[in-house]
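Trainee: Predicted model and sequence below, questions to follow.
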Amino acid sequence: MSDADDMACLREYVRTGSEPAFARIVRRHATRVYAAALRTVRDPHAAEDVTQTVFCILGRKARPLAEREVSISAWLVTTARFTAIDARRRLLRQREHERRAARLKPESDEGENQRANGTPILALLQDGLARLKQNDRRVIVLRYLENRGMRELAQEMGCTEEAARQRLGRALEKLRQTRGAMGVLRKSVEA
């Protein structure tokens, strides 16, 4: 199958939604995409995830790609590289987070993770998050619970990095102002 055959399959997929046409592209390029991903992430399971993501991106961007007449093979390898770089960054952040979490010692019931009234800090934060509007809660969850970088956060929210920073700042301020989370966040920021 040549680049022209790939483009014909992609156009057929765009025009009719033909899954067999898309499957032909996947069969032809899956090994190459996987190899490109594996070279970057160096983890077979992560490389499989990257490969799947690349073909999902191809499905979403099929129409503009078919109109531009790009080399599908080159586009897939380039997209695999960028997707694998993002995946590797996420893996490294996750591993660092896990290392930090492993170093923390569990606190006793009378320890720092309890307020004077006996309510755990995490419960207070959860309560504070629940009181926020959906968009404010979303930005905090993406940034701090899913460990997304500012670039990823901006892409997810469909805005610039600066706008994402501002939204995050406003959401954190609203969280600080909630009754339960106010003292907890002050303590964590001071620490």
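Mentor: Happy to help now that I have it.

Trainee: What backbone torsions are found at Asp43?
Mentor: The phi and psi values for Asp43, taken as degrees, to the nearest 10, are phi -140, psi 120.

Trainee: Kindly tell me how buried Glu152 is, as a neighbour count.
Mentor: 18 (other Cβ atoms under 10 Å). Placement of C-beta: from N, CA and C, glycine included.

Trainee: How about the one 4 residues further on?
Mentor: Neighbour count of Glu156, defined by other Cβ under 10 Å: 15.

Trainee: Can I get the helix or strand hosting it in CSV, CA atoms only?
Mentor: If you go by DSSP states H and E, Glu156 is part of helix 150-157. Output in CSV follows, covering the C-alpha atoms of helix 150-157 (Å, rounded to 0.1, in the frame of the first residue of the first chain):
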residue,chain,number,x,y,z
MET,A,150,-0.3,24.1,32.2
ARG,A,151,-0.1,23.4,28.5
GLU,A,152,-2.3,20.3,28.8
LEU,A,153,-4.7,22.2,31.0
ALA,A,154,-5.0,24.9,28.5
GLN,A,155,-5.5,22.5,25.6
GLU,A,156,-8.2,20.6,27.6
MET,A,157,-10.0,23.8,28.4
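
Trainee: So which other helices or strands are in contact with that helix?
Mentor: In terms of contacts (3 or more Cβ pairs under 8 Å, 6 or more residues apart in numbering; DSSP states H and E), helix 150-157 is packed against helix 134-140, helix 161-177.
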